[in-house]
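J.: predicted model follows, preceded by the sequence.
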Amino acid sequence: METFVLKEESIRLGQALKATGIANSGVEAKFLIQDGLVKVDGQTELRRGRKLYDGSVIEYGSCQIKMKSSLVAE
């Protein structure tokens, strides 16, 4: 499982797909989500604006990426 470090407290799903390289554009991210191909914390997510926080996990195919906040002390 890969890790993506959040620069803010949260990130929206569509933005996270672009930032992690899963989607090349916002339009591509939108279609991946609309087509039910993306899961958040094990559940299919159809909302592009869904906020992800520290510990949230995105799944797309065999790719899993865990959100990690840079604001949380180790």
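T.: Sure thing, it's come through.
J.: okay, now residue 69: neighbour count?
T.: 17 (other Cβ atoms under 10 Å). Using the backbone N, CA and C atoms, a C-beta is placed for each residue, glycine as well.
J.: got the buried residues for the top strand by length along the chain?
T.: What stands out as the longest strand in the chain, according to DSSP state E, is strand 63-69. Buried residues in strand 63-69, defined by neighbour count with 16 or more other Cβ atoms under 10 Å: 65, 67, 69.
J.: beta-bridge partners for the second one, please?
T.: Residues found in beta-bridge contact with residue 67 (criterion: DSSP bridges) are residue 4.
J.: hmm, residue 50 and it touching each other?
T.: No: Residue 67 lies out of contact with residue 50 (Cβ atoms under 8 Å); the separation is 11.7 Å.
J.: which residues touch the longest helix along the chain?
T.: The longest helix of the chain (DSSP state H) is helix 26-34. When contacts are defined by Cβ atoms under 8 Å, 6 or more residues apart in numbering, helix 26-34 is touched by residues 13-15, 17-18, 22-23, 38, 45-48, 60.
J.: in the residues you listed, find the pair that's most separated.
T.: 18 and 46 (17.5 Å; Cβ to Cβ).
J.: for residue 18, what is the enclosing helix or strand?
T.: With secondary structure defined by DSSP states H and E, residue 18 is part of helix 13-19.
J.: show me which positions of that helix end up buried.
T.: 13, 14, 15, 16, 17, 18.
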